[in-house]
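1. Next come a sequence and a model predicted from it.
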Amino acid sequence: MSFLDLPLMLKLKFKMIKSDKKIIIAIDGYSSSGKSTLAKEIAQLLNYKYIDSGAMYRAVTLFALRNNLINPKNHAVDIVKLKDSINQIHINFKYNSLKNNHDTYLNNENIEEEIREMNVSNNVSFISKISFIRQKMVRIQQDMGKEKGIVMDGRDIGTVVFPNAELKIFMNAKAEVRAERRYLELKEKNINVSYEEILENVKKRDHIDETRDESPLKKAFDSVDLDNSNLNKEEQLEHIIGLVKERIK
Ligand code: DC
């Protein structure tokens, strides 16, 4: 959704905020809980940078798949070779005005579409639990937030990447609701996959994300809970705008 598509009331509510104070907004939560949609909208309203940290782990996974550093059948990772090639992985984001999206690039190649496919989704949890990968990603992410004025979404943003973020949001929705959303998203992109397959992937990733040793998905003690199973987009955004206003005044 672009700023122009946002309901007039919300735009006006935001226009009334005059503040030079820049903050960090960390949005964590379960897969497909709508983190990136919300993060993008907030970034647009505030004119902040938006970073999808999950896309970075997906990019590393694609690199590993392409270079046979992970076996897609049993998810075994060649840790030694992956570590040796870590400096060959360069990830960045570029704004795509046609899609109103910050596309992900791996070594200067646009991989935005490819990293959303099921082979990446099915393997990403096995890459994102590796400690040296997380350390590298966290370092890059912290660098991106040095100047503040950033909205970042992921799993460990409020707990590890930006423990001092001024606003932390923890999002959740029922697994079935999240799987349905992801199913519709992929269908729209003509990616052929069944609802059941997605539901299974969502549940499996929840489990791995929550139980891994390295930076497991957990709510920061000072984050605001947002279960959006029964909230529409406007209600959700309005609620968050209220929270942002309190922090930048
Ligand atoms: O947000 P997503 O579903 O695109 O994230 C892909 C995977 O990356 C997800 O299974 C967990 C992992 N991830 C992570 O471990 N830490 C983050 N900050 C973001 C994502």
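-> Sure thing, it's come through. Computed from a predicted structure; not experimentally measured. Residues are numbered from 1 along each chain as shown.
2. next one: stretch 213-220 to chain centre, how far?
-> Shown here is stretch 213-220, whose average C-alpha point lies 15 Å from the average C-alpha point of the whole chain (CA atoms, centre = their mean, to the nearest Å).
3. again but with stretch 209-221, I slipped
-> Centroid displacement of stretch 209-221 relative to its chain, using CA atoms, centre = their mean, is 15 Å.
4. And for it, what's in contact with it?
-> Contacts with stretch 209-221, where a contact means CB atoms under 8 Å, 6 or more residues apart in numbering, come from 26, 28-31, 125, 128-131, 134, 155-156, 158-160, 163, 168, 170, 206, 225. All C-beta atoms are positioned from the backbone trio N, CA, C, and that covers glycine.
5. Quick one: low-confidence residue ranges for this structure.
-> For the chain, applying pLDDT under 70 flags the ranges 1-18.
6. Could you list the contact residues of it toward the ligand?
-> Selection of the chain residues close to the ligand by CB under 6 Å from any ligand atom yields 31, 53-54, 57-58, 124-125, 128, 154-157, 205, 209.
7. Including secondary structure, could those residues go into a markdown table?
-> Formatted as a markdown table, the residues of the chain next to the ligand follow (DSSP: H, G, I helix; E, B strand; the rest coil):
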| residue | secondary structure |
| --- | --- |
| S31 | coil |
| S53 | helix |
| G54 | helix |
| Y57 | helix |
| R58 | helix |
| V124 | helix |
| S125 | helix |
| S128 | helix |
| G154 | strand |
| R155 | coil |
| D156 | coil |
| I157 | helix |
| R205 | helix |
| D209 | helix |
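8. could I get the residues you listed as a markdown table with neighbour count?
-> What follows is the residues of the chain next to the ligand, written out as a markdown table (neighbours: other CB atoms under 10 Å):
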| residue | neighbour count |
| --- | --- |
| S31 | 23 |
| S53 | 26 |
| G54 | 18 |
| Y57 | 24 |
| R58 | 26 |
| V124 | 26 |
| S125 | 20 |
| S128 | 26 |
| G154 | 29 |
| R155 | 26 |
| D156 | 24 |
| I157 | 31 |
| R205 | 20 |
| D209 | 21 |
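9. Same list, those, but as JSON lines with distance to K148 please.
-> Putting these into JSON lines (distance: CB to CB, whole Å) gives the following:
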{"residue": "S31", "distance to K148": "27"}
{"residue": "S53", "distance to K148": "16"}
{"residue": "G54", "distance to K148": "21"}
{"residue": "Y57", "distance to K148": "23"}
{"residue": "R58", "distance to K148": "25"}
{"residue": "V124", "distance to K148": "28"}
{"residue": "S125", "distance to K148": "30"}
{"residue": "S128", "distance to K148": "25"}
{"residue": "G154", "distance to K148": "17"}
{"residue": "R155", "distance to K148": "21"}
{"residue": "D156", "distance to K148": "19"}
{"residue": "I157", "distance to K148": "14"}
{"residue": "R205", "distance to K148": "30"}
{"residue": "D209", "distance to K148": "27"}
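10. Among these, find me the one that's closest to K249.
-> Closest to K249 out of the residues of the chain next to the ligand is I157 (23.1 Å), distances taken as CB to CB.
11. before we move on, what SS does the closest residue to that closest one other than its chain neighbours have?
-> Leaving aside its chain neighbours, I157 sits nearest to A26 (3.8 Å; criterion: CB to CB, 6 or more residues apart in numbering). In the three-state summary, A26 is assigned as strand, counting by three-state DSSP.
12. got a list of what A26 touches?
-> Residues M152, D153, I157, G158, V161, F162, A165, L167, K168, I169, A220, S223 are the ones in contact with A26 under the rule CB under 8 Å, 6+ apart.
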